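1. show me the folded form of this:
(2 chains)
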Amino acid sequence: MDASLSPKPSEKTGLFNWLDERLGIAEILAFARHKSVPEHKHSFWYYWGGVSLFFFLAQVFSGVLLLVYYRPGAEGYDSARQITYDIRFGWLIRSAHSWAASLMILAIFVHMFSVYFMKAYRKPREFGWWSGLGLLALTMVFGFSGYLLPMDDLAYFATKVGLAIPASIPVVGKFINDIVRGGPEVSSATIQRFFALHVVVLPLLFVPLLGFHLWLVQKHGNALPPSEEAQPASERRSIPFFPDFFSRDLGMWLIALNALAALASLFPWQLGPQADPLTPAPAGIHPEWYFMSQFQILKLFGRWFPGATGEALGIALFTAGLLLWALIPLYDTSTKFGRRARNATWLGVLALAGLIITTIWGYWEV
Amino acid sequence: MPETDSEFYPGGELNDEGAPRRAFVKLGMGVIGAGYAAAIGYPIYAYLSAPAQRAAEASAVTQTTLDGADKLPAGSAMMFRFGAKPALLIHHKDGSWVALGAICTHLGCTVQFESDKDRIFCACHGGVYDAKTGANVSGPPPKPLTAYKVEAQDGRIVVAQA
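-> Residues are numbered from 1 along each chain as shown, chains lettered A, B, ... in the order given. As a prediction, the model looks like this:
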């Protein structure tokens, strides 16, 4: 690999020159040679964006494989059953897709909080923060829409409950729900449109936004955490992107691949009985872990403020929190340690603790 | 980017002692890489080829019985499946029965029996086969059609691999 990256004069073959004149490969190689990444005691967190990207690629790959046999609409359950029980290794592909979804969201959360606490959202990286939040939101919608597609009992009730949240938004809630659900109840019409959303609309939005996000990372480079920025420039260390950082990135990808393979094969994702509106919801039904916090907060508010008030308050609080989270680069702008910087850090601690506590609380009560 | 490999390893030039170790590491990495490729590649191959595998199992039949096919009028033909593959049963005007694979040996279109011309014809590229033997007569087909053994019994026709 190194040979192709730094061709010695003798290795600059006719083919290389032919391609270089047309594609400007030498320029790219020169650029790759000069790119470097800061190296310090918090460098470990730089790899989590790459890990998120790895799981996204795993999702594209396993998702295309599932598309080979999955049939949306009325046959959704039947084709998921075939994939899980009839087609050779179908269970493994489906299990890998489900596990990689969870791992991707986990990696994005780690990435987001590490960016937050390193204050990497500050000028000039505000759009990196916002595009990242957009990618997280799209990933959650990916997770929600994909969850319905097998149309087993869990999928059915999770979607019913999930769609009750936009339904409770004043005035527009009903319209949103009619459009998203495609009828008065979750049905095969819902599967069909969730499928279109999951495999066409979301990728069309996600891929360009991801490109924008990666371009910004490329443009501005890795941010230094404030503790490193406080050091004099002569004390700061960095490593070349090629091959040092790149090979460590690949190492993290290998660990991610092994984790995915172990989880997907040792804990195969289950397929429940076919969804049936006349069957009561199974006891202890709960959302995936990445929706647990929201679920629990809504449940708590419903308990404290009975009726529609509780739900509306819960949603309002969540929206306000998200808005505050998104606007933090405009609040915490100073590169020096100051009151705003400290407040932002405390907000991060509060958000992280809140997410963890409500998630554990949610599982506790299931 | 260093121009020579030794710059990756502060502490010295590569010497003869380092070379075998380097070769060993390269070999090890290659073996591990091949292991990963196989561990990922085989399930994907098996997953994608599952229907082909199933069809191959289904077509591993040696005989098929066509109930009621003995009523087929002389001078006409019918399509049937031999395992997973389309086949052609012809009841000739002289009373003889012929069963042939219906897949053209040229590019795999399904052929048809033309009773007026007493021949088997492929519409895709104009291949013509003999309706009695399945021999390729004219046009592009390189080989005769697969011939089966036919036995007319009371109330049914039994077709078997030749």
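2. how about residues contacting stretch A:112-132?
-> Under the criterion Cβ atoms under 8 Å, 6 or more residues apart in numbering or on different chains, residues A:42, A:45, A:48, A:108, A:111, A:133, A:136, A:209, A:212-213, A:216-217, A:220, A:222-226, A:326, A:328-330, A:332-333, A:335, A:341, A:344-345, A:348, A:352 lie in contact with stretch A:112-132. All C-beta atoms are positioned from the backbone trio N, CA, C, and that covers glycine.
3. between the two ends of that stretch, how far is it?
-> Using Cα to Cα, to the nearest Å, the span of stretch A:112-132 from its first residue to its last is 8 Å.
4. and for stretch B:102-114?
-> Distance between the two ends of stretch B:102-114: 13 Å, counting by Cα to Cα.
5. quick one: name the residues of the stretch 251-366 of chain A near chain B.
-> Proximity of the stretch 251-366 of chain A to chain B, by Cβ under 8 Å from any Cβ of the partner chain, involves residues A:257, A:261.
6. mind listing the strands for the stretch 251-366 of chain A?
-> Applying DSSP state E, counting those that start in this stretch to the stretch 251-366 of chain A gives no strands.
7. hmm, back to that, can you flag the buried ones in the contacts of stretch A:112-132?
-> A:45, A:48, A:108, A:111, A:133, A:136, A:209, A:212-213, A:216-217, A:222-226, A:328-329, A:332-333, A:341, A:344-345, A:348 (16 or more other Cβ atoms under 10 Å in any protein chain shown).
8. and the gap between whichever residue of the stretch 101-250 of chain A sits closest to chain B and A:Gln82?
-> Nearest to chain B, among the residues of the stretch 101-250 of chain A, is A:Phe242, at 6.7 Å (Cβ to the nearest Cβ). Applying Cβ to Cβ, to the nearest Å, the value for A:Phe242 to A:Gln82 is 45 Å.
9. circling back: nearest residue to the residue of the stretch 101-250 of chain A closest to chain B in space, please, no chain neighbours.
-> A:Ala32 (4.8 Å; Cβ to Cβ, 6 or more residues apart in numbering or on different chains).
10. which helix or strand contains the one you found?
-> Using DSSP states H and E, A:Ala32 sits within helix A:25-34.
11. one step back: the residue of the stretch 101-250 of chain A closest to chain B - that's part of a helix, no?
-> Yes: read with DSSP: H, G, I helix; E, B strand; the rest coil, A:Phe242 is one of the residues of a helix.
12. can you map out the helices along chain B?
-> Remark: helices assigned in chain B by DSSP state H are B:18-48, B:50-58.
13. quick revisit: isn't the residue nearest to A:Phe242 up against A:Asp244?
-> No: with contact defined as Cβ atoms under 8 Å, A:Ala32 does not reach A:Asp244; the gap is 11.8 Å.
14. between the helix or strand bottoming out on mean pLDDT in chain B and helix B:18-48, how many degrees?
-> Lowest on mean pLDDT, DSSP states H and E among the helices and strands of chain B sits helix B:50-58, with a mean of 83. Here the directions of helix B:50-58 and helix B:18-48 differ by 60 degrees (axes from the mean of the first three to the mean of the last three Cα atoms, to 10 degrees).
15. tell me if helix B:50-58 is near chain A.
-> Yes: contact of helix B:50-58 with chain A (Cβ under 8 Å from any Cβ) involves B:50, B:53.
16. that helix packs against which elements?
-> Using 3 or more Cβ pairs under 8 Å, 6 or more residues apart in numbering or on different chains; DSSP states H and E, no helix or strand is in contact with helix B:50-58.
17. buried stuff in that helix?
-> B:Ala50.
18. contacts for that helix next, please.
-> With contact meaning Cβ under 8 Å, 6+ apart, helix B:50-58 is reached by A:86-88, A:90, B:46, B:83-84.
19. which one of the residues you listed is nearest A:Tyr290?
-> A:Gly90 (24.9 Å; Cβ to Cβ).
20. you'd agree the closest one is up against A:Arg81?
-> No: look at A:Gly90 against A:Arg81 with Cβ under 8 Å: they stay out of range, at 9.7 Å.
21. neighbour count for the two, which is higher?
-> Taking neighbours as other Cβ atoms under 10 Å in any protein chain shown, A:Gly90 and A:Arg81 compare with A:Gly90 leading, 25 against 17.
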